[in-house]
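Colleague: Turn this into a structure:
(2 chains)
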Amino acid sequence: MKKKYAQNLLSTCITISTCILCLSQASCKSKLLNSRLTIASAGKISSIDPAQASSFHSLQLISALGDTLYKINKHGKLIPNLAIAMPIISKDGKRISIKLRDDVLFHDGTKFNAKAMAFSINRFKKIGRLNYILDGRIESVNAADEYLLNIKLTRKSSSLPALLTSVNLTPISPKSYSKHKDTFLNKEFIGTGPYKLIKFNSLQQRIVPFGKYWGENPKNTGIDLITLSNSTSLFGALKSGEIDVLLSNSMNADHLKALNKMAKDGLINEGIGPALEIGYITLRSNSPPFDSQLVRESLLYSIDRELISNRVTYGLRKPLWSLVPPNLWNKEKAPWPAYNPVKTQTLLKKLGYCNGKKLNLPFTFRSNVPSDKLLALTWQAQLKRDLQDCIKMELQGVESTTVYRQLGLGAFELVMLDWRGTYPDPNNYLTPFLSCKKINQTNCVIGESASSGSFWASYLIQSLLEDSDKETGSKRTELLKTIEDYAAKGASYLPVWLVNPLAWSQLNIIKPEFDSSGYLLISKLEKLNQWED
Amino acid sequence: MGRLKTLLIYSASRLCIAPLMLWIISTLVFILLRIAPGDPVDAILGNRADLIAKDALREQLGLNKTLIEQYFIYIINLFHGDLGEALINKEPVVEIIQKALPATIELSLCALIIAGLIGISIGLSGIAKPEGKTDLAGRLYGITTYALPPFWAAMIIQFIFAVYLGWLPIGGRFPPYLVQPEQTGYFILDSLMSRDWVNLQGALRHLILPAITLGILLSGIFSRSLRLNLSKELKAGHIEATRSRGINETRVVLAHALPNSLLPVLTIAGITIASLIGGALLIELTFSWPGIAMRLQEAINQRDYPVVQGIVVVIASLVVLISIVVDIIVACIDPRVQY
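Modeller: Next comes the predicted model:
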């Protein structure tokens, strides 16, 4: 009987294994016939309405399906895209006229014109989830003639043209969105881009080239974008050849390191985009201990960014000594000081710390962000090594949604966060941190500084921010650089690292490229040996 | 009172209590979600939005109403079978559940069949020679699979079969390059109904790894339970009497001892189905399987109240229903069960 059971068990195992092998081999055959490209990422897309989209993955998809009025080139300069020339700004700075291309069609066959552009901007202004980025600057948008768009501003704003590169302001077809003037159309997208959407669900999207695209046609026959839920699956899928391209900024550090090594060994291609995401620490400046400028300043010298970058991200996230990503402008000297524990000790001693009295630092990190936790642990260990007599750090992990909810309520003394501007402009990395609508001495009561949890404000910075929005060119840049220098002196933020968007492709596919706004150029992805397929 | 009548009264009383249980569960979910820190507005807009934008969205989503008002709206809608719309993208919750639940049920049923086949085979294999090598190996298998952390086992299986050997896909439910069948939501059934063998093959390839992983993890409890009950049953008086009549051992085991030993296994299977519908979360997450547990986890992270509430209520209803059905089946099969 025992022999019989063993035989039964063995035959069952052989049958199951044979079935698996048959299925896997048969499927490989069908995959070889498939010449489309599969891009995998970890982000789920709940909406592709430009008025609703806020996640990086939604915006990445919209950037392939639509066009913006302007783009930013690699030197940070505005270049026309759906517009045919640079914006014409009136003498008082409150009117902007933009001449549009006349050869553009929407995916539904209707013509793109000034009315369509005005419809899209007005719709975003009215129902856009992120419409606060307009900051009340746009009074009205209308079509002066078929291909001339007029924007009336409430105040002079030199940063507005850069805002027109934002994917959220991608034009959509008024005909197809006629029933969605005031509501979102989450699962469809009718724009002017090189691809049109033919299938959408939150985990998988299929796009095909738009035959009547006005610009350069895509170099592939279509893309399937899929979502895999974790870093291990994404890594495994690329390694096994199941996917063609991996796009993710949420990979675990170990996987990032392994992918980087594979790319160096020539096993895959690695594409690196412009670093537009910053990781930083906010110091709550409206209550002890960080209401003291000296305490805050002492902390600026205490963090060894290079050590943290190497230990936590194997050097893949570059240390950062500024709020504005350095690639957005050329700045000779970094505003935030370098690591100097002796300086920290000296400052703390002045305040009566060290020699038995330790400064308690309750540091909050987002428990669902693995790199945050590693950063917190590394910094804690580094402080223990360098400043054991002066500082004692206590760690507290809080889920990110809870952090965002309680940040503006002043719940965290010291908290790790990140920020990615909706468009690549230096102002987009200063205003959200420093602007304040109501100031009480050095505390921000209402405004962005309060929402971001630092509560630090200065009348001088507010005045400089307002001035910078009235100036253009080098004068504006100089003002913004001055603002950043003041922010460093205020010491209410501690920039830590810079995050580049990354993508990897198989060797039979061209190396992934990014545009200056940090989006993967999907239309440039091309199979190198298409005929073999 | 006749046995059938007692059973009917028992079933009716269980069904009558069900709405009360569901009301308690839905109320608890409502309260717990509101107690939890963070709200959907922050999840949608992030921490950078100004107060005006946040207040406008809060009003738009109906979150500016008092908790009592929100609760009554929720309960009244629930009473009318309206589970509401997702806060994040206004998708009806019923549609979200309709999309996610078939994926979980398909995976759970396949895993259960695999668990049953492996568990019963292993449970039976040790009976020929108790405490023998096969029996010990079977018991070791039972303990090991029961003790294995699901995510670890899933990742190992994923690594071997998807990454290293490349036999099967690493995750997802359907090949991205094929058009998903859209009839019932059960891809295997849909493919069979439309006789689309390419789709069937694609769906099966994606199902194999998560179903086998879950099946292996669940098989331990089946094998242990069967072995325990079968060895107890084989020592019973009526089995000795059967043997004494000269009936061969295989028939004694399969025809006389096994049916009685399967009753506790049936109860375990019922509880397992209920818990699986509640979510094999770690398996779904590891294999990127778009089931109800993964959807629930996302909704919790986004603080999407209507989606969380809707999924919990539907899962609770199914658990209640399955447990009643299992009770009735057991009562019908086993005359010893009293109510």
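Colleague: residues contacting residue 36?
Modeller: No chain in the question, so chain A it is. When contacts are counted by C-beta atoms under 8 Å, 6 or more residues apart in numbering or on different chains, A:Arg36 touches A:220-224, B:177. Heads up, the C-betas are built off the backbone N, CA and C, glycines and all.
Colleague: try again with chain B
Modeller: A:402, B:303.
Colleague: Equivalent analysis for A:Gly222, please.
Modeller: Neighbouring residues of A:Gly222 by C-beta under 8 Å, 6+ apart: A:36-37, A:195, A:206-209.
Colleague: got a winner among these for most neighbours?
Modeller: Among these, A:Ile207 has the most neighbours (other C-beta atoms under 10 Å in any protein chain shown), with 27 neighbours.
Colleague: Assumed that residue was part of a strand.
Modeller: Yes - A:Ile207 sits within a strand when classified using DSSP: H, G, I helix; E, B strand; the rest coil.
Colleague: picking up where we left off before, and of the contacts of A:Gly222, the nearest to A:Ser97?
Modeller: A:Tyr195 (30.1 Å; C-beta to C-beta).
Colleague: ok, what's across the strand from that closest one?
Modeller: A:Pro209 (DSSP bridges).
Colleague: Surely it and A:Pro209 touch.
Modeller: Yes - with contact defined as C-beta atoms under 8 Å, A:Tyr195 reaches A:Pro209; the gap is 6.0 Å.
Colleague: Does B:Pro175 belong to a helix, a strand or coil?
Modeller: coil.
Colleague: Does residue 116 lie in a helix or a strand, and which?
Modeller: Here I'm looking at chain A. Element membership for A:Ala116, per DSSP states H and E: helix A:114-127.
Colleague: try again with chain B
Modeller: Using DSSP H and E, the element containing B:Gly116 is helix B:93-125.
Colleague: State the next helix or strand along the chain beyond that helix.
Modeller: Next along from helix B:93-125, by DSSP H and E: helix B:133-147.
Colleague: Show the average pLDDT along that following helix.
Modeller: For helix B:133-147, the mean per-residue pLDDT is 87.
Colleague: any idea which helix or strand comes after it?
Modeller: Past helix B:133-147, the next helix or strand by DSSP H and E is helix B:150-158.
Colleague: Not counting residues beside it along the chain, what's closest to residue 106?
Modeller: Answering for chain A, as no chain was given. A:Ser173 (3.9 Å; C-beta to C-beta, 6 or more residues apart in numbering or on different chains).
Colleague: To clarify, I was referring to chain B.
Modeller: Closest residue to B:Glu106 in three dimensions, ignoring its sequence neighbours and counting by C-beta to C-beta, 6+ apart: B:Tyr186, at 5.2 Å.
Colleague: Let's verify residue 217: helix, strand, or coil?
Modeller: Chain wasn't specified; assuming chain A. A:Asn217 is classified as coil under three-state DSSP.
Colleague: Oops, wrong one, chain B.
Modeller: Recorded secondary structure, B:Leu217: helix (three-state DSSP).
Colleague: count of neighbours near B:Ser261?
Modeller: Using other C-beta under 10 Å, B:Ser261 is surrounded by 23 other residues.
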